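*Asks:* Fold the following and give me the result.
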Amino acid sequence: MSPRTAPAIDTQGLVDRDRLRDALRLIREAGPEGLTRKELAARMGVASLRTVDRSIVLLEAQGARIEKPRKGWPSLLYLVLRKGPSWDEHVSTEARLALRLAGLSLAQSGTLLWQDKLETMERLASEHMSTRDRRLFETLKKAISVQGGVEDPIESADILEPLLRSLDGPKVIEVEYQAAAANRPSTLTVVPYALTHDLFSGGSFLLVWDPARQLPLHLRLSRIEQVKVTGRNGACPEALMSQAARYQIGGWTSAEPPFEVQARIRGSHWIQAFREAPPALPDFRSDPSGDGASALVRFKASHRHGATRWLMQFGAAAEVLAPEFLREELRGQFKAAAAQYEPAGLEKQ
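*Replies:* Predicted structure coming up:
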């Protein structure tokens, strides 16, 4: 409910809605220090403290929480706003900052179109911030940096909006998709299940069920060239698709049951990093060794490429212990990589 339509409770014509809104704004602007009744009256431009008192009573009756501590000598009663009334449209600095962080994160792992929509929300939110909050937010904004991902160049609503509509049902869709290894796009008839964002690969994906192949597929959004929503309802095997969504890593997923990865990672700095900011891997656990020199990490994956993508960043600091097939695959990859750094002809000796 907006301030213009806020219910007037026994105002008797003495406190109009605009004045009530001004009182709320002035108490909020005062911040945690608050202000006295006389100060509020002066800033509201009223001569009587009774108008201030009626404003406070009305605000509290409409859901506001205003603390009234006494400070100083002689003791003076101060007004400190802790919660706005039910019709309050104010957007806090924290909420505005959350929108900014969401926009920056989507710039790294989502789509340009979603980032644009969040920026629209951010501009709307700015109109409902107090001057004090806006000033604080601008200071905080300068101290934020998000890096490490990529931008998916999806700038057209012709792709994203049909996908969002198709998820409600869901509806069978026909997708023109350019696979990474294909010479030209192919048409896939699939049932959408979920949108996923993966910071390990830096991108956004659409998880779908392929009825023809009876497989879950992970489609990178930036490779979708066209979407057609059919009128047919679709169905997905819920347990299998939920598993595919939960255990994907780096965009890699599978219909196979997840397997547990066990690896020994050496280095006290890694142990500290796992303790302070554990990676968002499925069922991740880290158990430091007694000497503090290494940690046994465990997580689950449904595709070997997702697991190796994360493990290879540690280089020689990581040793895969299980499963055996993953250990052998990494051994082969590191052996092939090392061979590229050998002097010409040395590997043949």
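*Asks:* buried ones in stretch 159-172?
*Replies:* Ile159, Leu160, Pro162, Leu163, Ser166, Leu167, Pro170, Lys171, Val172 (16 or more other Cβ atoms under 10 Å). Heads up, the C-betas are built off the backbone N, CA and C, glycines and all.
*Asks:* In three-state terms, label Val227 for me.
*Replies:* Secondary structure state of Val227, per DSSP: H, G, I helix; E, B strand; the rest coil, is strand.
*Asks:* pLDDT wise, what is it at?
*Replies:* Val227 carries a pLDDT value of 91.
*Asks:* okay but it is in contact with Arg165, surely?
*Replies:* No - using Cβ atoms under 8 Å, Val227 is not in contact with Arg165, being 9.3 Å away.
*Asks:* Could you list the domains of this structure?
*Replies:* Domain ranges of the chain: 3-83, 93-141, 157-237, 259-339, per automatic domain parsing.
*Asks:* Could you point out which residue ranges in the stretch 101-250 of the chain have low pLDDT?
*Replies:* Along the stretch 101-250 of the chain, the model assigns pLDDT under 70 to residues 101-157, 201-202.
*Asks:* now the helices for it?
*Replies:* 112-126, 131-141, 157-166, 238-246 (DSSP state H, counting those that start in this stretch).
*Asks:* The next helix or strand after the shortest one - which strands sit beside it in the sheet, and in what orientation?
*Replies:* Read in the C-terminal direction, the helix or strand following helix 238-246 is strand 259-266, with elements assigned using DSSP states H and E. When sheet partners are counted by DSSP bridges, strand 259-266 sits next to strand 294-301 (antiparallel), strand 318-322 (antiparallel).
*Asks:* ok, and for stretch 204-214, which residues are buried?
*Replies:* Ser204, Phe205, Leu206, Leu207, Val208, Trp209.
*Asks:* and the residue nearest to the fifth one when sequence neighbours are not counted, how far is that from Phe205?
*Replies:* The reference is to Val208. Computed as Cβ to Cβ, 6 or more residues apart in numbering, the closest residue to Val208 that is not its neighbour in sequence is Val190, at 3.9 Å. The spacing between Val190 and Phe205, counted by Cβ to Cβ, to the nearest Å, is 13 Å.
*Asks:* returning to what we had before: want to throw the buried residues of stretch 204-214 into a markdown table with distance to Asp283?
*Replies:* A markdown table is the format used below for those (distance: Cβ to Cβ, whole Å):
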| residue | distance to Asp283 |
| --- | --- |
| Ser204 | 23 |
| Phe205 | 20 |
| Leu206 | 24 |
| Leu207 | 19 |
| Val208 | 24 |
| Trp209 | 24 |
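*Asks:* if you look at those, which of them are in strands?
*Replies:* Ser204, Phe205, Leu206, Leu207, Val208, Trp209 (DSSP state E).
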